[in-house]
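>>> Could you work out the structure for the sequence below:
(one chain, ligands or ions: 1)
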Amino acid sequence: MKPVIIRTEGVSRCFPSGREVVYALKNVSISIEPGTLTILRGRSGSGKTTLINLLGALDKPSSGKIYFNGNEITGMAESRRDLIRQKEMGFVFQSIALISMMSAYENVEFALRVAGYDPKERKKRAEECLAFLGLQKRMHHRPHELSGGEQQRVAIARAIAHRPRVVFADEPTAELDTHTGLQVVKVFKDLVEKEGLTVVMTTHDPSMVEIADRVFTLEDGEIVDER
Ligand SMILES: Nc1ncnc2c1ncn2[C@@H]1O[C@H](COP(=O)(O)OP(=O)(O)OP(=O)(O)O)[C@@H](O)[C@H]1O
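Have a look, this model is predicted:
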């Protein structure tokens, strides 16, 4: 049997909409293997963001269970879920959300400070991550002095700095042109291959799919294809 880092079991998520209830996800059961780049794809409104938020413990399902590293996280106290999120997970969002007053280096260093790293370790690790992402010459620039692709690479450096097991990226290429977007996905693939990281990302762009190890396709809240 293949190892599994995240598993969902019959997960549904509904939201109230006026007097009705909208099912954003219906009975989703998937397994994510460690050390893979997994893509969740589908049209707008198919449920990608809802699913990635559940996998990253940012939200809870209306029914069904989610396991992270063998432990059921759906029934856990919020404080334990917070800890798992902080220690074991990293997040990259569509809107890059770097701190504009800080340089690339300071953005990464600050995340490590929040994660409780000591000053010496922070410097070493921040420089190492930025170098891995090809930003050694740009690390003392502020976000507005960097291109969109560079900014997203800083956001990735920040998301991996505390050595999470899994990085979740919701439409990380949506604000980039196709070429730059593909470069960002290749960075994820590199992290998977060289660092053994697990990456889960959403996209509606079919050109990204070729690079992935696993692809789940969503339609109206259901998994309609997996490969
Ligand atoms: N907080 C919410 N309240 C009400 N309905 C919601 C909420 N979040 C999501 N939905 C609905 O659930 C469905 C799935 O939304 P979701 O954002 O997961 O799709 P998506 O595939 O990520 O779309 P996009 O690519 O546009 O971001 C949509 O019909 C959406 O309107």
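>>> wait, K65 sits on V28?
No - at 11.2 Å, K65 does not count as touching V28 under the criterion of C-beta atoms under 8 Å. C-betas here are computed from N, CA, C, even on glycine.
>>> more neighbours, the two?
V28 (24 against 15; other C-beta atoms under 10 Å).
>>> And the more buried one, how far from the ligand?
Remark: distance between V28 and the ligand (C-beta to the nearest ligand atom, to the nearest Å) = 11 Å.
>>> List the beta-bridge partners for that residue.
V11 (DSSP bridges).
>>> all strands for the chain, in order.
Assigned strands in the chain, in chain order: 6-17, 20-28, 31-32, 37-41, 63-68, 71-72, 89-92, 166-170, 198-203, 214-219, 222-226 (criterion: DSSP state E).
>>> among those strands, which is nearest K186?
Proximity of those to K186 was assessed by C-beta to C-beta; the nearest stretch is strand 37-41, lying at 9.9 Å.
>>> For that closest one, which strands pair with it and how are they oriented?
Here strand 37-41 has these sheet partners by DSSP bridges: strand 198-203 (parallel), strand 214-219 (parallel).
>>> Most tightly packed of those strands?
Mean neighbour count, computed with mean count of other C-beta atoms under 10 Å, is highest for strand 198-203 among the strands paired with strand 37-41, reaching a mean of 25.
>>> avg pLDDT for that one?
Confidence over strand 198-203 (mean pLDDT, whole number) is 96.
>>> Also stretch 25-44?
If you average the pLDDT values across stretch 25-44, you get 96.
>>> what about that stretch, how long is it end to end?
Using C-alpha to C-alpha, to the nearest Å, one end of stretch 25-44 lies 13 Å from the other.
>>> Give me the residue at the spatial middle of this structure.
For the chain, the residue nearest the mean C-alpha position is F168 (1.1 Å; C-alpha atoms, centre = their mean).
>>> So which residue of the chain lies furthest out from the middle?
When distances to the mean C-alpha position of the chain are computed (C-alpha atoms, centre = their mean), the maximum falls on R19, with 33.1 Å.
>>> pLDDT score for D190?
Among the per-residue scores, D190 holds a pLDDT of 92.
>>> My error: substitute P206 in the last question.
We have a pLDDT of 84 for P206.
>>> Please apply the same query to T178.
As predicted, T178 sits at a pLDDT of 86.
>>> dump the residue contacts of it.
With contacts defined as C-beta atoms under 8 Å, 6 or more residues apart in numbering, the neighbours of T178 are 205, 207.
>>> got it, and F188?
Contact analysis of F188 by C-beta under 8 Å, 6+ apart lists 37, 156, 167, 169, 199, 201.
>>> how about the residues you listed, which pair is most distant?
Pairwise distances across these peak at 12.7 Å for L37 and I156 (criterion: C-beta to C-beta).
>>> So for the lowest-mean-pLDDT helix or strand in the chain, what gets flagged as buried?
Among the helices and strands of the chain, helix 178-195 carries the lowest confidence by mean pLDDT, DSSP states H and E, at a mean of 90. Going by neighbour count (16 or more other C-beta atoms under 10 Å), the buried part of helix 178-195 is 180-185, 187-188, 191-192.
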